[in-house]
Every structure is written in structure tokens, then in C-alpha cells.
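Participant: Test case, fold it:
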Amino acid sequence: MKKPWLDSIEYIRGVAMLGVVAIHVGSQYLLNPTPNTHLVALFEIVSRFSVPIFFFVSAFGLFYRMDLAEPFDYGKFLRRRFKAVLVPYLLWSTLYLLHDRFFYGYAIIADFGHAVEIFFFGLAKYHLYFLVILIWFYLLMPLWIFIVKRMTPARLIFLLAAQILFDCWSSYCVGATENLFVKWRMNWLVLHYVFIFVLGGVLAVHSQKFFAWCSSQKKIISATFFVALTILLGYYHFLLAVRGYTPLEAVNTAHQLSPPGIFYTIAASIFLFTLFQFGRLPAPLKKFLSVLGKNSYFVYLAHPLAITWLSLGLGKLGLLMTAPNALIFYTLTVAVTLAANFIVNQLRGLVFRSVDGGRGA
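Facilitator: Okay, the predicted model is just below:
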């Protein structure tokens with residue numbers, strides 16, 4: 001039986017997209033030698049769930065629609081997913097290489113080995129590594145099915161403990177190395193996000209129980225989310241005030257792979273799902289979240305272009321990245337990429353209508 005569409009998944013994608021843009025705008029704001037640490041926290045800490053929650057909703061969507069009693073058609077699965085992810089990844093990587101050659105004068109590709117490194121590790125632009133990791137998750141889909149089928153609460157807790165230990169080792173213990181697979185481990189190694197992906201799959205398989213629990217425990221879920229956020233923010237401010245870290249150092253320490261960051265991601269994933277699935281949201285907000293969700297993929301892919309050109313405009317106007325300007329910059333980045341997607345869709349519609357009209361004639 002076909003399961004009903006979940007608007008909450010679309011809404012979460014939209015909110016996560018806003019968070020990804022915030023992180024990258026925050027990187028621009030951190031170029032200010034005296035940034036407002038609270039605004040940095042908003043851009044760089046509050047939004048830290050954004051990347052891993054994409055893996056959560058991806059797994060939830062896959063397993064929610066999957067019948068685990070039926071044979072898994074691996075070939076058909078890969079063809080569909082690669083069309084949606086691999087092709088855009090290759091096209092946008094090429095676009096960014098050409099753009100940065102024009103904008104910064106970077107050499108596009110030095111040799112074949114350099115090309116392999118760029119495309120294998122998602123180095124054409126700072127945000128494309130997400131698609132590389134997602135491709136690896138898709139390639140290993142039979143493994144995730146095997147794991148999700150056999151997952152128990154005790155095994156899930158063990159997996160969480162293993163995730164925390166591995167992420168701490170990878171984030172804080174690995175030194176500089178010339179080994180490309182270790183050097184760029186954050187760009188391809190799915191082990192950094194296995195727990196949140198498997199959690200999404202497990203909750204989807206047991207969706208009816210999960211929905212009932214979310215509906216009955218909204219207060220506890222909300223409280224847990226705010227406690228997790230408070231702990232992560234507290235860790236960030238502790239690094240600033242007690243350890244004497246710079247804002248950049250604090251952000252690079254209190255990230256989504258730190259222990260507080262992992263718990264914050266889990267709490268945010270369940271909280272946002274509960275809010276959007278069972279919360280009483282006003283109709284205009286639902287419409288706005290739907291627009292964000294439907295356009296989230298394009299905005300994710302294109303927003304570094306907007307950041308680059310808006311930064312150029314800021315410089316031409318002689319404006320500094322102050323706190324008010326950073327907020328305006330963020331709003332413009334989202335608005336420009338949404339508008340660009342609207343224009344692209346309109347042009348695509350005109351082309352298709354023209355082709356169909358020509359065939360009809």
C-alpha cells in the first residue's frame with residue numbers, strides 16, 4: 001500500500017537549506033576581525049544540524065517508501081538516484097571550476113590525477129562534498145538495508161556510542177597527512193554520518209510507532225531540543241570565554257561532529273519532524289516552508305555563486321560585513337537563489353512548451 005506524502009520532510013529540507021546558507025554566510029561574516037559572537041552563534045552553531053539532517057530525511061524518505069519484504073532492485077535504485085544526484089554533481093562541479101577560473105583565475109585542472117582528486121572528493125566547491133557522501137550512502141544501500149532490518153534499541157545505542165568515538169577521533173585526533181583519503185575524510189567518508197542515516201531509516205520502518213510517539217510526547221521532544229541547543233551554545237561560549245578561542249576556532253570545535261553537536265542533530269531532527277508533522281502551523285508559514293522545500297536543492301547547489309557575487313558587490317560599495325549587513329547579505333543570498341530558480345523553471349517551461357508545440361505542428 002502506498003504511504004501518504006509527508007509535508008514535514010519537505011519542510012525540513014527547506015529549513016536545512018536555510019541553515020546551510022547560514023553556515024556559509026557565517027564564514028563570510030567571520031572575516032570581520034571583531035564579529036558579534038552571538039550572531040556568529042546564530043549563523044554557525046544554531047544551524048549546525050543542517051548537513052546531517054539532510055542525511056536523516058534522505059534515509060527516512062527512502063525507507064518510508066520501501067517495502068523491506070520485497071527484493072531490492074539495486075540497479076534500478078542506482079539509476080534513479082544517480083540521475084538525481086550524480087549528474088547534477090558532475091555538472092555543478094564543472095560549472096564551479098569554470099566560474100572560479102573566470103572569477104579568481106584558478107587553474108581548472110592541472111592533470112588527470114588532479115581531476116580525479118577534485119571530483120572524487122568534491123573539491124570543486126566547498127559545499128559539494130555533501131553530494132559525494134550521499135552518493136556513497138546510495139552505493140552502500142544494500143548494507144544499510146541489512147543493518148536497518150536487524151537494528152534493535154540496544155544496537156542503536158551501541159551505534160551511537162561508536163559514532164561519538166569515531167567522530168571525536170576523526171575531528172580532534174587525526175593529524176596532518178599527505179594521504180588524500182585521510183586528508184579529505186570529511187568529504188567522502190560516510191562513517192561520520194552513519195548513525196543519523198540509520199536512525200532515519202529505522203524510524204521510517206517503524207513510522208506508525210514513531211508518529212504516535214511524536215504526537216504524544218511533543219513537550220518532552222521540544223524540551224530535549226532546547227536543552228541540546230543550550231548545551232551546544234554553552235560549549236561554544238565556554239570555548240570563547242574560558243579557553244580563549246577565537247570565534248573561528250570555537251566554531252571549528254563546536255561543530256556537528258562534536259558530542260554536543262551529535263546530540264543536537266538528533267534532537268533537532270526529531271523536534272522539527274514533530275513540529276512540522278503535528279504542530280499547528282499557520283497556512284502562510286506552511287506555504288513558505290513548502291516553497292523553501294521545493295527549491296532547496298537548487299538553492300543548495302547555487303548559493304555559493306550568490307555569495308561570491310554579492311561579496312563582490314559589497315566590496316564595490318565599500319561596505320564592511322557588519323552584523324546588520326551580514327543579516328541583509330544572508331537574506332539576499334536566499335532571495336537571489338530562489339529568484340534564479342524561478343527564472344530557470346520559467347525558461348525550462350517555455351522550452352518544453354515550444355518543443356511540444358513544434359511536435360504537435
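Participant: Quick check: Leu91 vs Asn295, distance?
Facilitator: According to CB to CB, to the nearest Å, Leu91 stands 18 Å off from Asn295. In short, each C-beta sits where N, CA and C put it, glycine included.
Participant: sorry, that was for Ser93
Facilitator: As judged by CB to CB, Ser93 and Asn295 stand 21 Å apart.
Participant: More neighbours: the two, which one.
Facilitator: Asn295 (22 against 19; other CB atoms under 10 Å).
Participant: thought that one was touching Leu338?
Facilitator: Yes: with contact defined as CB atoms under 8 Å, Asn295 reaches Leu338; the gap is 5.6 Å.
Participant: who touches Ser207 in this structure?
Facilitator: Lys3, Tyr64 (CB atoms under 8 Å, 6 or more residues apart in numbering).
Participant: now swap in the one 4 residues further on and tell me
Facilitator: With contacts defined as CB under 8 Å, 6+ apart, the neighbours of Phe211 are Gln277.
Participant: The one 4 residues further on too?
Facilitator: With contacts defined as CB under 8 Å, 6+ apart, Ser215 is in contact with Thr274, Phe278.
Participant: now for the host helix or strand of Gln277, which elements pack on it?
Facilitator: Assigned by DSSP states H and E, Gln277 belongs to helix 259-278. Applying 3 or more CB pairs under 8 Å, 6 or more residues apart in numbering; DSSP states H and E, one finds that helix 259-278 contacts helix 7-29, helix 50-64, helix 153-172, helix 194-205, helix 207-216, helix 218-241.
Participant: For whichever helix or strand comes after the last one, list the C-alpha coordinates in PDB.
Facilitator: Proceeding C-terminally, helix 218-241 gives way to helix 247-251 as the next helix or strand, assigned by DSSP H and E. Presented in PDB, the C-alpha positions along helix 247-251 are these (Å, rounded to 0.1, in the frame of the first residue of the first chain):
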ATOM      1  CA  PRO A 247      35.200  32.700  17.100                       C
ATOM      2  CA  LEU A 248      36.600  30.800  14.200                       C
ATOM      3  CA  GLU A 249      38.400  28.300  16.400                       C
ATOM      4  CA  ALA A 250      35.200  27.900  18.600                       C
ATOM      5  CA  VAL A 251      33.000  27.200  15.500                       C
END
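Participant: average pLDDT across helix 247-251?
Facilitator: The pLDDT scores in helix 247-251 average 97.
Participant: quick one: buried residues of that helix?
Facilitator: Pro247, Ala250, Val251 (16 or more other CB atoms under 10 Å).
Participant: what's near enough to touch Ser258?
Facilitator: Counting by CB under 8 Å, 6+ apart, Ser258 has contacts Asp167, Cys168, Ser171, Leu232, Tyr235.
Participant: Would you mind checking those for buried ones?
Facilitator: Buried among the contacts of Ser258 (16+ other CB under 10 Å): Asp167, Ser171, Leu232, Tyr235.
Participant: closest to Asn325 among those?
Facilitator: Distance to Asn325, by CB to CB, is smallest for Leu232 among those, at 26.1 Å.
Participant: Now Phe137: closest residue in space that isn't a chain neighbour?
Facilitator: Setting aside the residues directly before and after it, Phe137 is nearest to Val190 in space (CB to CB, 6 or more residues apart in numbering), at 5.6 Å.
Participant: isn't the one you found right up against Trp136?
Facilitator: Yes: in this structure Val190 lies within contact range of Trp136 using CB under 8 Å: 4.7 Å.
Participant: quick one: which of these two has more around it?
Facilitator: Between Val190 and Trp136, Val190 has the larger neighbour count (other CB under 10 Å), namely 18 against 14.
Participant: what about Asp67, is that helix, strand or coil?
Facilitator: Under DSSP: H, G, I helix; E, B strand; the rest coil, the three-state class of Asp67 is coil.
Participant: State the distance from Gly261 to Pro52.
Facilitator: From Gly261 across to Pro52, the span is 8 Å (CB to CB).
Participant: no wait, Ile118
Facilitator: Distance of Ile118 to Pro52, given as CB to CB: 24 Å.
Participant: Compare these two and say which is more crowded by neighbours.
Facilitator: Pro52 (25 against 20).
Participant: was I right about the more buried one contacting Gln256?
Facilitator: Yes: counting by CB under 8 Å, Gln256 is a contact partner of Pro52 at 5.5 Å.
Participant: quick one: low-confidence parts of the chain?
Facilitator: The chain contains residues with pLDDT under 70 at 1, 107, 110, 351-361.
Participant: ok, 50 please
Facilitator: 361 (pLDDT under 50).
Participant: Geometric centre of it: which residue is closest?
Facilitator: Val51 (2.7 Å; CA atoms, centre = their mean).
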